[in-house]
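>>> I need the structure of the sequence given here:
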Amino acid sequence: MYVGAYVLAVKTAEKETYLRIAREVAGVFRDYGATRVVECWGDEVPEGEVTSFPMAVGREADETVLFSWMEFPDKAAHDACMEKSFADPRMRMDDEMPRIMDPRRMIFGGFDAILDL
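Down below sits the predicted model:
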């Protein structure tokens, strides 16, 4: 299994807008090979002194940290999905996205699962 994950800050007041967009985008990723898409709204995400999720994404007072991941059979499936998804017109980044989040503060990466119990 291969996992694509990201952490970002979303305007707290825009949770429903983000969720609507996330559902649409998840459909695109699923169409191109993601076997699972999970979006997690921060509930207990403490501030750190040296490092933390809020610090990593530069969370502002009116934002909530979000953690998300997508599962794929392998890295090749992930890479093909990303290429096709971002070329798909359904992935438009309309006027809503800049209002609810700053994508420059998103952190993301791909991970090869080494334990899955």
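>>> tally of neighbours for Ser52?
For Ser52, the neighbour count with other CB atoms under 10 Å is 14. Using the backbone N, CA and C atoms, a C-beta is placed for each residue, glycine as well.
>>> helix/strand/coil for the closest residue to it other than its chain neighbours?
In space, and not counting its chain neighbours, Ser52 is closest to Pro46: 6.4 Å by CB to CB, 6 or more residues apart in numbering. Pro46 falls in the coil class when you classify it by DSSP: H, G, I helix; E, B strand; the rest coil.
>>> over to Pro46: give its phi and psi.
Note on Pro46: backbone dihedrals following degrees, to the nearest 10 are phi -70, psi 150.
>>> could I get the pLDDT score of it?
Looking at Pro46, its pLDDT stands at 93.
>>> pull out the buried residues from the helix or strand hosting Pro98.
Using DSSP states H and E, Pro98 maps to helix 96-100. Neighbour-count burial for helix 96-100, counted by 16 or more other CB atoms under 10 Å, picks out Ile100.
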